[in-house]
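**Student:** next input, structure requested:
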Amino acid sequence: MPQLPPLNSLRVLESAARNLSFSKAADELFVTKAAVSHQIKALEEFMGFPLFERKNRSIELTEAAEIALPKLREGFENLAEAVQLMQRHTEHASVNVCMAPSFAAKWLVPRLHKFSGAHPDIDMQITGDDTLITSRVSTSNMSEWFRGENIDVIIRFGEGDYPGYRVDKLFDVSAVPLCSPDLLEGENALKTPDDLRNYTLLHDDTGYTGRPSWARWLELAGVEGVDAKRGLHFNHVLLVLAGAVDKQGIGLSMEPLAQYDIDAGRLCIPFDLKMPLESSYYVIRPEEKGNDAVEAFVTWLLEEAAESQPAAAS
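**Tutor:** Take a look at the predicted model:
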């Protein structure tokens, strides 16, 4: 094996090359610009050829440095992963799961006691991240979550196309009207979809692809004369569910997110019509097999999802 230069100098090279700036590399590594220049100069002397072309106000990579940069980055990613593996081996078994806060609050957390009871030796960390809803998640985003944030499992509502990762469908989803059971009684009781004209519609305006819309549901129900845009508009599904529980109106949301409140008697589904959505919930993790704790959690998650599936959409 050829003699390697000091690891710290290679780290400085990777940062300076990625930023194309000694000053930015210095800020990133919490050292002075002079220290970065010294490390690069020492590395160039070790290699026997220049790594940067110095210009008046900028730097550029030489061809030799540019060719080596991808492997250098890969090497540091592998080192970081190796350190994480060593830490996980010595630490208490744990699983870090990332998902939208709405799914965590309304579906996973109410069931999590079952997993903890069956696996008291595994610690759970639940991370809620709204960017899983509002942003287009790419392969690079996934890499940042899994490597940078030390996430083991991601649960996401989407189309299931995540190349380079192990993907299991958790369940398909239908959207249903939701209201307080109290609205099914009284003088203006909600009995048929046409009765919606007498109630305020609650809208989830969260900016994600595939969200349910009142216009589509009313069309499927054959309801006319109801303005699908009127009512109360919210930027989060949790606010829609809260408004429905508080009798502010009739919400439209994913059935799995409402099931916890339905089981508790706070919400009900007033009509049989369920609107299937194109997107589904998926469990996503790196291709390489995780530790025993991660595998145990995913196995339980898929079994729990299968048992909790609501009746088929009509």
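**Student:** just checking, Gly290 touches Asp152?
**Tutor:** Yes: at 5.9 Å, Gly290 counts as touching Asp152 under the criterion of CB atoms under 8 Å. Yep, even glycine has a C-beta here, placed from its N, CA and C like the rest.
**Student:** neighbour-wise, which of these two wins?
**Tutor:** Counting neighbours by other CB atoms under 10 Å for Gly290 and for Asp152 shows that Asp152 has the greater number, 22 against 17.
**Student:** does the more buried one touch Val97 like I think?
**Tutor:** Yes: under the criterion of CB under 8 Å, Asp152 makes contact with Val97 at 6.7 Å.
**Student:** now do the helix or strand harbouring Lys114: everything it contacts.
**Tutor:** Secondary-structure element containing Lys114, defined by DSSP states H and E: helix 112-118. Residues outside helix 112-118 that contact it (CB atoms under 8 Å, 6 or more residues apart in numbering): Ile122, Met124, Ile126, Phe297, Trp300, Leu301, Glu304.
**Student:** for stretch 283-290, same thing?
**Tutor:** Residues beyond stretch 283-290 that count as contacts (CB under 8 Å, 6+ apart) turn out to be 142, 146, 152-156, 162, 164-170, 294-295, 298, 301-302.
**Student:** of these, keep whichever come out buried.
**Tutor:** The neighbour-count test (16 or more other CB atoms under 10 Å) applied to the contacts of stretch 283-290 identifies 142, 146, 152-156, 162, 165, 167, 170, 294, 298, 301 as buried.
**Student:** gap between the longest helix along the chain and the chain center?
**Tutor:** In terms of residue count, the longest helix belonging to the chain (DSSP state H) is helix 63-90. When distances are taken as CA atoms, centre = their mean, to the nearest Å, helix 63-90 is centred 24 Å away from the chain's centroid.
**Student:** can you name the element that comes right after it?
**Tutor:** Using DSSP H and E, the first helix or strand after helix 63-90 is strand 94-99.
**Student:** so where do the helices sit in the stretch 151-300 of the chain?
**Tutor:** Assignment of helices within the stretch 151-300 of the chain using DSSP state H, counting those that start in this stretch yields the ranges 214-221, 237-245, 255-263, 292-307.
**Student:** tell me which element the residue sitting nearest the centre point of the chain falls in.
**Tutor:** The geometric centre of the chain, computed from its C-alpha atoms, lies nearest to Leu132 (CA atoms, centre = their mean), at 3.6 Å. Here Leu132 sits within helix 131-134, counting by DSSP H and E.
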